[in-house]
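Q: the sequence and its predicted three-dimensional model are supplied below.
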Amino acid sequence: MKKQILIIFVSLFLLTPYLLAQDFWEQLPFPDTLDISCVAVNNAGVIFVTTNTNAATDAVFRSTDIGQTWEVLFTNGNFGVGQVAINDSSHIYLSKDGVGQFLASYDNGDTWIQKPYPLIVGASRIYCESVDTLLVASQKDDGVILLRTPDRGTTWDTIFETYHHESESISDIAIAPDGTIYISLMCFIANQGGVYKSTDNGSTWQYVGLTNNQVKDVEINAAGDLYIGVFSGFVGSGGIYVLRQNSSTIDTCLYGPYVNGLVVNPAGHIYAGIGWPDGVIVSKDNGITFEFENSGLPNFPMGQLESDYQHYIYAQVDMPSPILFRSVEPTYVSINKHLYLVNKNLLHFYPNPAHDNVTVEVGGRAISDGHYKLFLFQPDSRNVNCKEVTVLDNRFQLHFEQLARGTYLVRLQVNADVYFGTIIKI
């Protein structure tokens, strides 16, 4: 028992100064002539950014090194690129202006397939409901429309539509653990906007509330509570609202005003980008109290927030801009991942995803050349593959052609140190 207490104490001792000595946010370098429109990250940590600047260089960008360098996947002429979404299998779906409004990539963005799309305008939101099913929101002449495709964009069905609501757009989509679908509507004219829900997979819809409000975001915690971010309204100045699980009434504003984006992590912590006072706020007590989480941010209104599979948060400023921030550490780390915070030891794979073999770079401090054990396992399986690899100059080759497709957690054991990474076999 004393030995266990000592191990816990040493871990906390190592973690505490590291976490306290740095800013919460860091700015990622990005081409300063383009305005970021959307950010998405796959489960291997590859970042995809779209831009919408009405310039000939508007494009889709990819970073495989946590935003330090960027490569252009394709440009879109003088048309902007709007929405991008990535599902659990790292399939990428993209909406853009101009010809061929809807595209898909199944190889990490190297090639793109144009999908048949029933509308002439791009999407305001793409939501991956499952591996094959997408919900795609868009505007039409007199309102909004929500489409579903069960086959990766081959066929489309309309499941929600408004009429005579010319100023509306569907700003966000969320699905609760019980399958309830929520959509939020942004508006610029009175008697429009609000939140709607469907409890029968989109066959019928019920109005939830917040008409006359510019609803920007809806997020759901593990308990099924719906948090609603409102920028402003014709009857108020916006804020964070909540619809508790099994309640039919939206709570009064928890915090305001001017909320531009929300993220709720697995611990239930609520992060919000707000327009005034400037910055990002967080609540770690289910919305009872909030505090600023601004270290590393400029004194400027903050806009949309996004979270990735490892629970890092990405933040944009509240204006057309190339500025992008990322939390220095994950906002949620399970107990069995505490070594990651202590050692910052990461494995980087090139390419990722891959078919058969990759080059692996060992991050963190340099290690001695030699032979070391490597373990690969899938999160939902007890089967563990063990290999011996030869590390030279902090690099080694990984061959895994015999493994089934899927996502693998990778662990390299180097004496007393452990290095972690994630690779996708396609």
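A: Great, that's in hand.

Q: wait, a strand at I126?
A: Yes. When classified by DSSP: H, G, I helix; E, B strand; the rest coil, I126 is found to be part of a strand.

Q: ok, it - how many residues close by?
A: For I126, the count of nearby residues is 25 (other Cβ atoms under 10 Å). (Each C-beta comes from the backbone N, C-alpha and C, glycine too.)

Q: looking at it, it is touching I92, isn't it?
A: No. With contacts counted by Cβ atoms under 8 Å, I126 stays clear of I92, the gap being 9.9 Å.

Q: and for those two, which residues touch both?
A: Residues within reach of I126 and of I92 at once, by Cβ atoms under 8 Å, 6 or more residues apart in numbering, are 84-85.

Q: stretch 303-318 spans what distance, first to last residue?
A: Stretch 303-318 has an end-to-end distance of 4 Å (Cα to Cα, to the nearest Å).

Q: and this structure, what are its domain boundaries?
A: Domains of the chain are assigned by automatic domain parsing as 23-327, 342-425.

Q: just send those domains back as CSV, with mean pLDDT and distance to V333 too.
A: Output for the domains of the chain, formatted as CSV (pLDDT from 0 to 100; distance: least, Cβ to Cβ, whole Å):
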stretch, mean pLDDT, distance to V333
domain 23-327, 93, 8
domain 342-425, 80, 11
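
Q: go through the ones you listed and pick out the most buried.
A: Among the domains of the chain, ranked by average contacts under mean count of other Cβ atoms under 10 Å, first place goes to domain 23-327 (a mean of 19).

Q: span of that one from start to end?
A: End-to-end distance for domain 23-327, by Cα to Cα: 9 Å.

Q: equivalent analysis for stretch 56-64, please.
A: 24 Å.

Q: contacts for that stretch?
A: 28, 30-31, 33-34, 46-52, 69-81, 84, 94, 108-109, 348, 350-352.

Q: is it correct that S237 is in contact with V259?
A: No. When contacts are counted by Cβ under 8 Å, S237 is not listed as touching V259 (10.0 Å).

Q: so how far is F325 from V195?
A: 28 Å (Cβ to Cβ, to the nearest Å).

Q: so who does L347 touch?
A: 360-363, 410, 412, 419-421.

Q: if we use 10 Å, what do you get?
A: 358, 360-364, 374, 396, 398, 410-412, 419-423 (Cβ atoms under 10 Å, 6 or more residues apart in numbering).

Q: before we move on, what about T154?
A: Counting by Cβ under 10 Å, 6+ apart, T154 touches 115-116, 132.

Q: swap the cut-off to 7 Å and go again
A: By Cβ atoms under 7 Å, 6 or more residues apart in numbering, T154 lies in contact with P116.

Q: state the distance from it to A55.
A: Taken as Cβ to Cβ, the span from T154 to A55 is 32 Å.

Q: other SSEs contacting the stretch of helix or strand V391 belongs to?
A: Under the criterion of DSSP states H and E, V391 resides in strand 384-391. On a contact count with 3 or more Cβ pairs under 7 Å, 6 or more residues apart in numbering; DSSP states H and E, strand 384-391 meets strand 370-377, strand 395-399.

Q: dump those to CSV, plus distance to Y312.
A: Below are these laid out as CSV (distance: least, Cβ to Cβ, whole Å):
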stretch, distance to Y312
strand 370-377, 23
strand 395-399, 24
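
Q: who touches the strand holding V391?
A: Here strand 384-391 has contacts from 362, 367, 369-377, 396, 398, 403, using Cβ under 7 Å, 6+ apart.

Q: of these, just say which sits nearest to F292.
A: V362 (36.7 Å; Cβ to Cβ).

Q: OK, contacts around the closest one?
A: V362 sits in contact with 347, 391, 394, 412, 419, where contact means Cβ under 7 Å, 6+ apart.

Q: distance of the last one relative to F375?
A: For Y419, the distance to F375 (Cβ to Cβ) stands at 11 Å.

Q: end to end on stretch 127-143, go ahead and measure it.
A: 19 Å.

Q: er, stretch 199-216 I mean
A: By Cα to Cα, one end of stretch 199-216 lies 22 Å from the other end.

Q: ok, stretch 118-125 next?
A: Length of stretch 118-125, first residue to last, Cα to Cα: 15 Å.

Q: now what about that stretch, what contacts it?
A: Contacts of stretch 118-125 (Cβ under 7 Å, 6+ apart): 82-83, 95-97, 101, 136-139, 156, 169-173.

Q: run the chain-centre distance for it.
A: 21 Å (Cα atoms, centre = their mean, to the nearest Å).

Q: check stretch 36-51 too.
A: The answer for stretch 36-51 is 8 Å, by Cα atoms, centre = their mean.

Q: let's see that stretch as CSV, backbone CA atoms only.
A: Below are the C-alpha coordinates for stretch 36-51, written out as CSV (Å, rounded to 0.1, in the frame of the first residue of the first chain):
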residue,chain,number,x,y,z
ILE,A,36,-10.0,29.9,-41.7
SER,A,37,-13.6,28.7,-42.1
CYS,A,38,-13.5,25.2,-40.5
VAL,A,39,-11.2,22.9,-38.6
ALA,A,40,-11.5,19.1,-38.2
VAL,A,41,-9.1,16.5,-36.8
ASN,A,42,-9.0,12.8,-37.5
ASN,A,43,-8.4,10.2,-34.8
ALA,A,44,-4.7,10.0,-35.7
GLY,A,45,-4.3,13.7,-34.9
VAL,A,46,-4.0,14.9,-38.5
ILE,A,47,-5.5,18.4,-38.7
PHE,A,48,-7.6,19.6,-41.7
VAL,A,49,-8.4,23.3,-42.2
THR,A,50,-10.5,24.9,-44.9
THR,A,51,-10.4,28.6,-45.9
